[in-house]
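Asks: can you look at this prediction? I've put the sequence above it.
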Amino acid sequence: MSREGVRLLTLAFGPHRVEALPLLEKELRAHKIAVLEEPPHPDFAHMLRGEIGLRTYLRRGNFGFPRFALRACRLYQKLFRTVGTSFYQVEPYLEIVGRLSEGKSPATELEHKVWKCEHEATGALLAYYQSVAEGNFTSVVEAVKDFARADALRLRLRAELRAEAIKALLDRTEGSVCVEAGYIHLLLIKLLRDRIKPRVKLQVLYLLRDPMRTFGLRWRQHLGPGDVLTLRYVFGLRPSLFDSLLAARSLVYVALLPKEELLPSQEDPYPHLRRELELQRLVKRLSYRECAAWYYRLAKRPPF
């Protein structure tokens, strides 16, 4: 609580990259409660107390960024031990996806909604792969847009479920709260503002905002063209020709983006951010036709 009795709720947006962990640590240290963007793990409490090896813990879960996850768990252990931070894993949508992936049939209306979102997104992704195999750039662009629409639907439901869960957590706890959020989950801002009590102050932070200033940028955060396209659909913006250009640019951007997890160094403290900003500068200059030329060149196939 602040001196005025107002409770602080901080929404910290950032990527699941090792380079962002020192920035996240700074925010977590300033709060009593940390809300992690991950479904509950049965061994989480044991991991925090050091009762289970980290690599064993990670093997028993589904972590898309293993280098980040390992170092993040070390950070959580340190804060739990030295500061007394209370940690909660809050991601209801992914929790339901985990149950359904074990072969369980949807048993509730909510599980059916999640299953439908995942089914439609998977179908759109398969259609994208099929269009890539056929090699027609226009068809690939349309497939990218179709997948972004399907992805936006599940992102909306995911945000709604998480906002409700965070509200429930606020109702049963005390003290300042820091919510970890991936950079694309911007809908959470509106949803939490609609749900929090009057005596709760919502603070929005973008973890990479200050590092971006070292690159001469004053953006709140950086978004690739595919992220911008998906967010347009998340927020229900009217379709336009710009959508096709974003989809075309995203094909070049993703193809050139490093796929491995990069570790920061003294010479290159933000390796992912630096490369992503360089790619954004490149693709922002490309027309639709230039994107097609890049696409065929990168795919090493002639245009159909």
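Replies: Yes, it's here.
Asks: tell me if I'm right that Lys176 and Leu8 touch.
Replies: For residue 176 the amino acid is Ser, not Lys. Yes: using C-beta atoms under 8 Å, Ser176 is in contact with Leu8, at 4.2 Å. C-beta: built from backbone N, CA, C; applies to glycine.
Asks: what residues do the two have in common as contacts?
Replies: Shared contacts of Ser176 and Leu8 (C-beta atoms under 8 Å, 6 or more residues apart in numbering): His31.
Asks: mind listing what's buried in the host helix or strand of Lys190?
Replies: Using DSSP states H and E, Lys190 maps to helix 187-195. For helix 187-195, the neighbour count (16 or more other C-beta atoms under 10 Å) marks 187-189, 191-192, 195 as buried.
Asks: now do stretch 67-87
Replies: Buried residues in stretch 67-87 (16+ other C-beta under 10 Å): 68-70, 72-73, 75-77, 79-80, 85-87.
Asks: any chance of the residues you listed in JSON lines with secondary structure, pLDDT and distance to Ala168 as columns?
Replies: Shown next, in JSON lines, are these (DSSP: H, G, I helix; E, B strand; the rest coil; pLDDT from 0 to 100; distance: C-beta to C-beta, whole Å):
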{"residue": "Phe68", "secondary structure": "helix", "pLDDT": "97", "distance to Ala168": "27"}
{"residue": "Ala69", "secondary structure": "helix", "pLDDT": "96", "distance to Ala168": "26"}
{"residue": "Leu70", "secondary structure": "helix", "pLDDT": "97", "distance to Ala168": "30"}
{"residue": "Ala72", "secondary structure": "helix", "pLDDT": "97", "distance to Ala168": "24"}
{"residue": "Cys73", "secondary structure": "helix", "pLDDT": "98", "distance to Ala168": "25"}
{"residue": "Leu75", "secondary structure": "helix", "pLDDT": "98", "distance to Ala168": "25"}
{"residue": "Tyr76", "secondary structure": "helix", "pLDDT": "98", "distance to Ala168": "22"}
{"residue": "Gln77", "secondary structure": "helix", "pLDDT": "98", "distance to Ala168": "26"}
{"residue": "Leu79", "secondary structure": "helix", "pLDDT": "98", "distance to Ala168": "23"}
{"residue": "Phe80", "secondary structure": "helix", "pLDDT": "98", "distance to Ala168": "22"}
{"residue": "Thr85", "secondary structure": "coil", "pLDDT": "98", "distance to Ala168": "20"}
{"residue": "Ser86", "secondary structure": "strand", "pLDDT": "98", "distance to Ala168": "15"}
{"residue": "Phe87", "secondary structure": "strand", "pLDDT": "98", "distance to Ala168": "16"}
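Asks: list just the nearest of the residues you listed to Leu298.
Replies: Leu298 lies nearest to Phe68 out of the buried residues of stretch 67-87, by C-beta to C-beta, at 26.8 Å.
Asks: okay, that closest one and Arg193: tell me how far apart.
Replies: 29 Å (C-beta to C-beta, to the nearest Å).
Asks: for the spatially most central residue of the chain, which non-adjacent residue is spatially closest?
Replies: By C-alpha atoms, centre = their mean, the chain has its centre lying nearest to Gly182, at 3.0 Å. Excluding its sequence neighbours, the residue lying closest to Gly182 (C-beta to C-beta, 6 or more residues apart in numbering) is Glu37, at 6.0 Å.
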